[in-house]
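Asks: take a look and give me a structure for this.
(2 chains)
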Amino acid sequence: MIRRLLVANRGEIARRIFATCRAVGIETVAVHSTADVDAPFVGEADYAVQLPGYAPSATYLRGDLIIAAAKKTGADAIHPGYGFLAENADFAGAVTEAGLTWVGPPPKVISVMASKIDAKALLAEADVPVLPSWTDPTLVDEFPVLVKAAVGGGGRGMRIVRDAESLGEAVSSARREAFGAFGDNTVFCERYVEQARHIEVQIVADQHGNTITFGERECSIQRRHQKILEETPSPAVSPQLRENLCAAAVAVAEAVGYVGIGTVEFLLSPAGEFYFLEMNTRLQVEHPVTECVTGLDLVRLQLFLAEGGRLPYSTPPPMRGHAIEVRLCAEDPTTNWLPATGQVHRFDVPEVVGRFKPLLSPGIRLDSGIEPGSVVGVHYDSMLAKIVAWAPTRYEAARMLAGVLARTKVHGLVTNRDLLVRVLRHPAFLTGQIDAGLLDRQPEVFAPLLSSVEAVRLSCLAAALAAAAGRFEGATVQPGIPSGWRNVPSIPQTIVYDGPAGPVEVGYRLAADGALAQWWVRVVDPEELDLAGLGHVGVVDEHPPVAVVSASAHKVVLDVAGIRLTVDVHRVGNVSYLDSVEGSVTLRELPRFPLPSMELEEGSLTAPLPGAVGRVLVSPGQRVGAGELLLTLEAMKLEHPVHAPADGVVSVIKVRPGALVDTGALLAVLHPGG
Amino acid sequence: MSLSANRQAMLEKLASLEAEHAKALAGGGPKYVERHRARGKMLARERIELLVDEDSPLLELSPLAGYGTDFPVGAGVVTGVGVIEGVECVIVANDPTVRGGASNPITLRKTFRAGEIALANRLPMVNLVESGGADLPSQKEIFIPGGRVFRDLTRLSAAGIPTIAIVFGNSTAGGAYVPGMCDHVVMIKERSKVFLAGPPLVKMATGEESDEESLGGADMHARISGLADYYAVDELDALRLGRQIVSRLNWRKLGPAPGAYAEPLHDPQELLDIVPPDLRTPFDPREVIVRIVDGSRFDEFKPLYGASLVCGWATLWGYPIGILANARGVLFSEESQKAAQFIQLANRSDTPLVFLHNTTGYMVGKEYEQRGIIKHGAAMINAVSNSTVPHLSVLIGASYGAGHYGMCGRAYEPRFLFAWPSAKSAVMGGAQLAGVLALVAQQSGREFSEEMRLMVEHQIEAESLPVVLSGLLYDDGVIDPRDTRTVLGVCLSAAHSAPVVGAANFGVFRM
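Replies: Model (predicted):
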């Protein structure tokens, strides 16, 4: 019987496991890196042990330190969560050898499945359909292929290769990424099926020979081969297909003697054929959708199975309704999914009925790794939270989830929220016509929710009015005197924001009674800003008639051509976050008096995102060609290349491998010219 | 006369007032404005708008200075009370689009008035300097009195009131003493020119060859002469530095802070309906008071005595005030004595006073002379003159004769004095004055035709108009009646930068 459980993980999954532990009476131990010292999961554990350092290799991947922490705190079991050491057979073995209960399948099962190459070979023999694959890249004789890490999951290291020329670089960079993420640089190539759907089956097996399935999940909506939206049941799976998939999954589990909770992943071709991809010998990120429709706590079941419990059922549980999960990530879909870092100033998901456990009634479940105030750094995964909707039908779940997401306030970080809403509302999604290439084919899902020019303008106006109201409310002299009052009105108030479409100037003049006497929002040329655009009311587009119903620092209610629109405003420093039912926009107020700045030398290359410098491939004095890879940045486990913008000579390299850099930091200077 | 007719008349006057303000806003006109902009320079009001805190109120002073004179409306300088880094300051900005920002006699009077306001109310003074010096054709009216500009600056400094000069362009010859006399000086790279004599004059005087940069450029003053304390790279940078200087003044207001306030219960919009176009028609000033004071609450003093003058207590934007307002024009002995007592009470309780003028003067006639109207009027003038709490005057209707004095007219140095467009001020009404002249002429046997009587009446009426008085700096501006509460609020707040202390002594009251 487990009395005290250590979770060798972080973020939302640590909180998720702790929640079940509290429910069943198990004490909890967190291990955490230096970066995570203030993370919510640390505070929620009964005991916490710091693993000094930041990088996963120094912290969450240090099995020895984690087992020592378990010993020190008197934990008698270790749950690995997902990622990190979850599918590391050596670690599982070490845990068992240390006399601790390992919440997962036996180490030997892990090691078979951990190598996707071995697993495929084994299962091909068991008559489970598999895709052709090559462990030696030089033997690949058909394209396209997918380069994959042999161990680990989460799509890390995966690359589609469509011709032989690019295979070499793809394989070597996949190796590096795989090594960074999983400590193993083995990769292999596998036939790439276009427009494939990703279907997986949840397996539950006890030590007494009972293996049952908990239905399937569809995870076809992916970016960079990583899932961002999962649902159950799959709209592509008929009862017959479900039966076949589940039978194949049970065959896989039984072929390796699987025990515990696991997932068998299949690829479903447009023709309806399915192939075994891999087996995840752990709890999946997307387990909550299965928990919604079964009503069963998979973590509780996992602990029960680890304790040697016998499954009380021999057939799949009944499934009720439809559940959809989205992964809210700190990343910008419109700039190649660049990870974002920063402090979460506000995180408010409306209509949440439960957290970290199966719901009792249809609604919204939130499993979040962050809380307002959390800092998201460069070291770990960009996923902030999982938001799950459970409803009687698929379209209801999609509508509910889209609505809640659209009303979610997440301030301080760029997220993929708008993309998720657009996907959930997309006709292709709503009709179930989804596959792994959906995002590539439907570029419209990348548009921000608040995309109409008029809506953005009104948001800018609201930001300016809220700022004015805030100054009015906080006035230290002449309190109460109307905002911006003039006995001889001449120039309206102006404020310049950097917004989604570049800098815009908002001009406004309030009458003595607070009514909006004049306003405009116009795009301004940043070069022109040295005179602040004052008084230069150039060509201003037509604006709808707008009246101010009320304005405070936190809420502005506008009457736009007879329709009331409420905009919530949250200001942190010089950044205003505006949320309305139409979507959100973040506006950074540009300083009225920019400090005289030092200009960057011509040819300066700056960091496009915060991260750690990975490889530096050139040295000062070296002649490089346009497009040549100069150095790489690593952020959120992904490698971002920095290429030479033109032919030239490298004059300065400002960084060394391992250095942490912020966005805009000078990396190198390239003197152009051949 | 119906209310709507009153409103109609007031709106017409406001429209013509706006047209006059527009002249001041236009500065030197489109040609000079464009030339100024083409040099990459900001207009005077743009500089001010950037200097003051965002969304803060700004009370421009004497915008109509010069009206009715040979000089342009606005007088080539913009002055006002604005908030910089939370500090109320007097701002004086030359308008270089008007004759290169050169000073004419009205410019001087407007600048002097701004200096008076800074000194009386203890407001830091910020000068945005860009002036070609004296307007030479009118030099005889400028040269002698003009020295006061520099005297005023150093006296402000001596009084502990900070003075700041931001030099945007030329500030030469006598003008060089503006930065010279200020506590803090900002100059702008390749823009500021501060020297006693330019290259031609130097050549004439000593034969020395020189150039403007070495004689008085910002670089020279920042690095060699030490006249510039701060070196700005451009106009925005200079304004940023100006704000930075104010933020470091560690400024504290010495008057008590305001209490809580409530908006008037009666709509200030209705202030347009109160004053009849013909000022001979009386109106009740309480209708004005309840539309400007907090919660429309007015505690009247001696309401049953001397009823032609309404006195009482109220708060305005949380500041306690005493109000004196003429109710039926004429001041009798009772009204004068009531006023003298009320003013003394306000001084005992350190309460600022607001005067709402609608008076035709002190009562005349045998009975009133014999009952001592002069003694009683003198007591009121004594009290007003020696009172030391802040006085704010608003001419809402007539302000004639010695009544103007007793109600704290310009000569009695109210901290601020504004007029409604409906106001008129003169020694007496035009018709009366013409009538008096006709009678005097008759008595000495001279002819005084009906034409002459009309001409005199029209001349006096025209001279009594608030824009004319404003043009001569006899008030601080003509305001929209609906802005009265706000204007008084800004003025009270500014006045509380200085200590608010009542007088311990008055002149001997003749009993």
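
Asks: so A:Ala462 lies in a helix, does it not?
Replies: Yes. When DSSP: H, G, I helix; E, B strand; the rest coil is applied, A:Ala462 is found to be in a helix.

Asks: separation between it and chain B?
Replies: 15 Å (CB to the nearest CB, to the nearest Å). The way it works is simple: take the backbone N, C-alpha and C, and place the C-beta from them, glycine included.

Asks: let me see the contact set for B:Asp53.
Replies: By CB atoms under 8 Å, 6 or more residues apart in numbering or on different chains, the contact list for B:Asp53 reads A:Arg471, B:Val83, B:Ile84, B:Glu85, B:Gly86.

Asks: wondering if the helix or strand hosting B:Ile245 reaches chain A at all.
Replies: Assigned by DSSP states H and E, B:Ile245 belongs to helix B:235-247. Yes. Judged by CB under 8 Å from any CB of the partner chain, helix B:235-247 comes into contact with chain A at B:Glu235, B:Leu236, B:Asp237, B:Leu239, B:Arg240, B:Arg243.

Asks: most neighbours out of those residues, which is it?
Replies: Counting neighbours by other CB atoms under 10 Å in any protein chain shown, B:Leu239 leads these with 29 neighbours.

Asks: pick out the residue of the stretch 1-150 of chain B closest to chain A.
Replies: When you check the stretch 1-150 of chain B against chain A by CB to the nearest CB, the closest residue turns out to be B:Pro57, at 4.1 Å.

Asks: leaving out chain neighbours, which residue sits closest to the residue of chain B found nearest chain A?
Replies: Nearest residue of chain B to chain A (CB to the nearest CB) works out as B:Arg240 at 3.5 Å. Nearest non-adjacent residue to B:Arg240, counting by CB to CB, 6 or more residues apart in numbering or on different chains: A:Phe593, 3.5 Å away.

Asks: equivalent analysis for B:Gly401, please.
Replies: Of all residues not flanking B:Gly401 in the chain, B:Gly361 sits nearest, at 3.0 Å (CB to CB, 6+ apart).

Asks: how many neighbours does the one you found have?
Replies: As a burial measure, B:Gly361 scores 22 neighbours (other CB under 10 Å).

Asks: residue contacts, it?
Replies: Contacts for B:Gly361 (CB under 8 Å, 6+ apart) come out as B:Val330, B:Leu331, B:Tyr400, B:Gly401, B:Ala402, B:Gly403, B:His404, B:Met428.

Asks: repeat the analysis, applying 6 Å as the threshold.
Replies: Contacts for B:Gly361 (CB atoms under 6 Å, 6 or more residues apart in numbering or on different chains) come out as B:Tyr400, B:Gly401, B:Ala402, B:Gly403.

Asks: domains for the chain, by residue range?
Replies: Using chain A here. As assigned by automatic domain parsing, chain A contains the domains A:4-103, A:132-191, A:197-320, A:321-427+A:437-449, A:453-474+A:489-589, A:604-672.

Asks: my bad, chain B
Replies: As given by automatic domain parsing, the domain ranges for chain B are B:14-247, B:268-428+B:466-495, B:430-463.

Asks: now these in TSV, with distance to B:Phe509 and mean pLDDT?
Replies: Shown next, in TSV, are the domains of chain B (distance: least, CB to CB, whole Å; pLDDT from 0 to 100):
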stretch	distance to B:Phe509	mean pLDDT
domain B:14-247	25	94
domain B:268-428+B:466-495	5	95
domain B:430-463	30	86
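
Asks: in JSON lines, list these along with distance to A:Leu629.
Replies: Shown next, in JSON lines, are the domains of chain B (distance: least, CB to CB, whole Å):
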{"stretch": "domain B:14-247", "distance to A:Leu629": "39"}
{"stretch": "domain B:268-428+B:466-495", "distance to A:Leu629": "63"}
{"stretch": "domain B:430-463", "distance to A:Leu629": "83"}
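
Asks: ok, which of those comes nearest B:Asn6?
Replies: Nearest to B:Asn6, of all those, is domain B:268-428+B:466-495, at 5.1 Å by CB to CB.

Asks: show me how far the closest one is from its chain's centre.
Replies: Domain B:268-428+B:466-495 sits 16 Å away from the centroid of its parent chain (CA atoms, centre = their mean, to the nearest Å).

Asks: okay, now it: how far is its last residue from its first?
Replies: 23 Å (CA to CA, to the nearest Å).
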